[in-house]
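# Sharing a model prediction with you, sequence too.
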Amino acid sequence: MSVEVSWFSALCDDDYRYLGVHDSELKSSWAHCSSITTKADRLGYDSILLPSGYQLGIDSVAFAGGIAPITEQIRLLVAVRCGELWVPQQARQLATLDQMLGGRLAVNIISSDIPGETMASEPRYQRTRETMMALRQLLSGEALAMQGEFLNLEIEPPNARTVTGNSPLFYFGGLSEPARDVAAECSDVFLMWPGTLPEVESILTDMRHRAATYNRALKYGYRVHVIVRENENAAIDASRELISKLDAAEGERIRAQSLDSASVGVRAQGMLREGADADGFAEENLWTGIGRARSGCGAAIVGDPDQVLNKLKRYMDLGIEAFILSGYPHAQECDLFARYVLPELEHAVLS
């Protein structure tokens, strides 16, 4: 079975040698984030996530436009927040970016509040639904006629078209009821944050049922950190070293600064951490210490190369077809995973 293996570029100011201890050399910047992205490209990763966070770092779409001509094979998974741009303009922007990349674009749809706004969950997800539907039509070269709660449009598609003439894949995640329903109806790849194997299986079962009600079949992705070393003891030592200088108050501040810090998914990461053992392991090789200073994806697969590979294969056996991985510092862990595990996986971009 082939699986998509992606890395993460720390556009949202999320890179550390010691978790919670800010390092000027690892701050979100063009120089730092482009070095991570070009390294992942050279090492053969299929894709790289470019996250979006207004107060947390540099802009994902502008960065993607800059990095496009200096990457060779890697696909850019560009995060966009619904409501930040007028949808026809956003479609033109994304189609132009796809041209610059020679078709190497995918889109991570984000539904959390936008800067300066607080919106209840139900209307916010309705805006997301309308945005995704409208973007898909426009990016597929189709005229749009929509009378919705947020979008009332009758408009031709932009002259700028994607390389294939079709919409890029939409990656989307969320655990609340409205999030799951929007994902089932509108996304191509449903993304999950870390959970135990039974939890992952339960979510997959639920999402397959929901998608079937729309006569659709989704692909499934899993976002998780990794700490891989030549042996298990070295990996555990690395995890302990990562949190060895973490101040609890600073960790809480970091968790609270994200726009989605109160979401159902974030609460689920907190529950995963609370249910872990004294060493922070929620189950074999799944360590939750990273969640002590991170709002979103809050756990890491920790172990030697065989343990990490076998853990990934357990998720694949459940139906996971894409992994979005990261580790601290991102450039260093990108290299280690590529050395120890990536060659053992049959991998290619989703289509």
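Cool, the structure landed. Everything numeric in this text was worked out from a predicted model, so none of it was measured.

# residue contacts, the residue with the largest distance to the centre of the chain?
Relative to the centre of the chain, the most outlying C-alpha is that of Glu154, 32.0 Å out, by C-alpha atoms, centre = their mean. Counting by C-beta atoms under 8 Å, 6 or more residues apart in numbering, Glu154 touches 143-146. To be clear about C-beta, it is placed using only N, CA and C from the backbone, and glycine gets the same treatment.

# Just among the residues you listed, which is most surrounded?
Leu144 (19 neighbours; other C-beta atoms under 10 Å).

# That one contacts Pro158, doesn't it?
No: assessed by C-beta atoms under 8 Å, Leu144 is found out of contact with Pro158, at 10.6 Å.

# Give the residues shared as contacts by the two.
Shared contacts of Leu144 and Pro158, counting by C-beta under 8 Å, 6+ apart, come down to 88, 138.

# Next, give phi and psi for the residue farthest from the centre of the chain.
When read as degrees, to the nearest 10, the backbone of Glu154 gives phi -130, psi 110.

# Next: Ile74.
phi -70, psi 140.

# Give the residue spans of this protein that score low on pLDDT.
Low-confidence segments of the chain, defined by pLDDT under 70: 251, 255, 257-262.

# Which parts of it are helices?
Applying DSSP state H to the chain gives helices spanning 30-43, 60-67, 87-100, 121-139, 177-186, 197-213, 232-242, 248-256, 264-274, 305-318, 330-340.

# and the fifth one, how far out from the chain's middle?
On the basis of C-alpha atoms, centre = their mean, to the nearest Å, the separation between the geometric centre of helix 177-186 and that of its chain is 17 Å.

# same deal with the fourth one?
Once both centres are worked out by C-alpha atoms, centre = their mean, helix 121-139 turns out to sit 19 Å from its chain's centre.

# Let me know the closest of the contacts of Glu154 to Thr196.
For the contacts of Glu154, the residue nearest Thr196 by C-beta to C-beta is Met146; the value is 40.1 Å.

# and the closest residue in space to that closest one that isn't next to it in sequence, how many residues sit next to it?
Leaving out its chain neighbours, the residue that sits closest to Met146 by C-beta to C-beta, 6 or more residues apart in numbering is Leu153, at 5.2 Å. Here the number of neighbours of Leu153 (other C-beta under 10 Å) works out to 17.

# my guess is Leu153 contacts Ala143, does it?
No: applying C-beta under 8 Å, one finds Leu153 not in contact with Ala143, separated by 9.8 Å.

# Surely Phe170 touches Ile109?
Yes: counting by C-beta under 8 Å, Phe170 does reach Ile109; the two are 5.4 Å apart.

# which residues do the two both contact?
Joint contacts of Phe170 and Ile109 (C-beta under 8 Å, 6+ apart) are 132, 187.

# Any idea how far the longest strand seen in the chain is from the middle of the chain?
Counting residues, the longest strand in the chain under DSSP state E turns out to be strand 219-228. Offset of strand 219-228 from its chain centre (C-alpha atoms, centre = their mean): 9 Å.

# same thing with stretch 134-146?
So, by C-alpha atoms, centre = their mean, the centroid of stretch 134-146 is 24 Å from its chain's centroid.

# what do you get for stretch 62-76?
17 Å.

# just stretch 152-160 next, same as before
28 Å.

# Start and end of it, how far apart?
This stretch, stretch 152-160, spans 22 Å end to end (C-alpha to C-alpha, to the nearest Å).

# same question, stretch 1-13
34 Å.

# Name the residues of that stretch that are buried.
3-13 (16 or more other C-beta atoms under 10 Å).

# again with stretch 224-242
224-229, 235-236, 238-239, 242.

# Which residues does stretch 223-242 contact?
16, 18-19, 49, 173, 191-194, 280, 287, 289-290, 296-297, 299-305, 307-308, 323-328, 333, 336-337, 340-341.

# Any idea what Ile301 is bridged to?
Val226, Leu286 (DSSP bridges).

# Quick check: it vs Arg314, distance?
10 Å (C-beta to C-beta, to the nearest Å).

# Looking at these two, which one has more neighbours?
Ile301 (28 against 14).

# thinking again about what came up before, could you export the helices of the chain as TSV, including distance to Lys219?
Shown next, in TSV, are those (distance: least, C-beta to C-beta, whole Å):
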stretch	distance to Lys219
helix 30-43	21
helix 60-67	22
helix 87-100	19
helix 121-139	16
helix 177-186	11
helix 197-213	10
helix 232-242	29
helix 248-256	29
helix 264-274	19
helix 305-318	12
helix 330-340	22
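
# Figure out which of these is closest to Gly53.
helix 60-67 (8.8 Å).

# In that closest one, which residues are buried?
60-61, 63-67.

# of those residues, closest to Tyr125?
Out of the buried residues of helix 60-67, the member with the shortest distance to Tyr125 (by C-beta to C-beta) is Ser60, at 21.0 Å.

# Pull the contacting residues for that closest one.
Counted by C-beta under 8 Å, 6+ apart, Ser60 has contacts 11, 50-52, 78-80.
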